[in-house]
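> Sequence and predicted structure below; questions after.
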Amino acid sequence: MGTVADTAIRSSNAARQNRWQGRSGHVYGLVTENLSSFAMDEAGLYLVAKGSHVLWVGSAADLVADPMSRSRFRLALDLGDRAFRLAAPPPETERWTTIWDLEGAEPRAEAVAA
């Protein structure tokens, strides 16, 4: 059993989680990042959006290896107002499919308990 502080930290992290539904219907858990100061780790998959419109999905490796992704990322940073990190990175074999799916994703409206 955790302490009250542990519970508060878990609650805080849960509040930062967002659920977005991809083109395929798959629902992804996304963690909110600060758009002006987020730093990408090597394994992470990130999404930059303006409201509910996805502007860019990718990773740090994409920015290094792909000039087109780098251009889209810069534009997304200029236009976007939200940044997210995929809560659980997909297996390498599903990475490109996940990127495609998230490029057409929309925030999922969650039911609110009364």
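Yep, it's here. Numbering: from 1, shown residues only.
> I am assuming residue 88 contacts residue 29, so please confirm or correct that.
Yes - with contact defined as CB atoms under 8 Å, residue 88 counts as touching residue 29 (7.0 Å). For every residue, glycine as well, the C-beta is placed using N, CA and C.
> Those two: who's more crowded?
For residue 88 versus residue 29, the count of surrounding residues by other CB atoms under 10 Å is larger for residue 29: 13 against 10.
> residues touching the closest residue in space to that one that isn't next to it in sequence, list them.
In space, and not counting its chain neighbours, residue 29 is closest to residue 87: 3.8 Å by CB to CB, 6 or more residues apart in numbering. The neighbours of residue 87, taking CB atoms under 8 Å, 6 or more residues apart in numbering as the test, are 17, 28-31.
> most neighbours, which of the residues you listed?
residue 30 (23 neighbours).
> beta partners for that one?
residue 18, residue 86 (DSSP bridges).
> Could I get the full set of strands for the chain?
Secondary structure of the chain by DSSP state E: the strands cover 17-21, 27-33, 46-50, 53-58, 82-86, 106-107.
> right, so of the ones you listed, which gets closest to residue 96?
Proximity to residue 96 (CB to CB) singles out strand 53-58 among the strands of the chain, at 10.3 Å.
> same question for that closest one, mean pLDDT?
When pLDDT is averaged over strand 53-58, the result is 97.
> who's in contact with it?
45-49, 66, 69, 72-73, 75-76, 79-80, 99, 102-105.
> mind listing which of those are in helices?
Among those, the residues falling in helices (DSSP state H) are 69, 72-73, 75-76, 79, 99, 102-103.
> and those residues as JSON lines, adding distance to residue 60 and pLDDT?
As requested, those are exported to JSON lines (distance: CB to CB, whole Å; pLDDT from 0 to 100):
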{"residue": "69", "distance to residue 60": "10", "pLDDT": "94"}
{"residue": "72", "distance to residue 60": "14", "pLDDT": "96"}
{"residue": "73", "distance to residue 60": "10", "pLDDT": "96"}
{"residue": "75", "distance to residue 60": "17", "pLDDT": "96"}
{"residue": "76", "distance to residue 60": "14", "pLDDT": "96"}
{"residue": "79", "distance to residue 60": "20", "pLDDT": "96"}
{"residue": "99", "distance to residue 60": "14", "pLDDT": "96"}
{"residue": "102", "distance to residue 60": "16", "pLDDT": "97"}
{"residue": "103", "distance to residue 60": "18", "pLDDT": "97"}
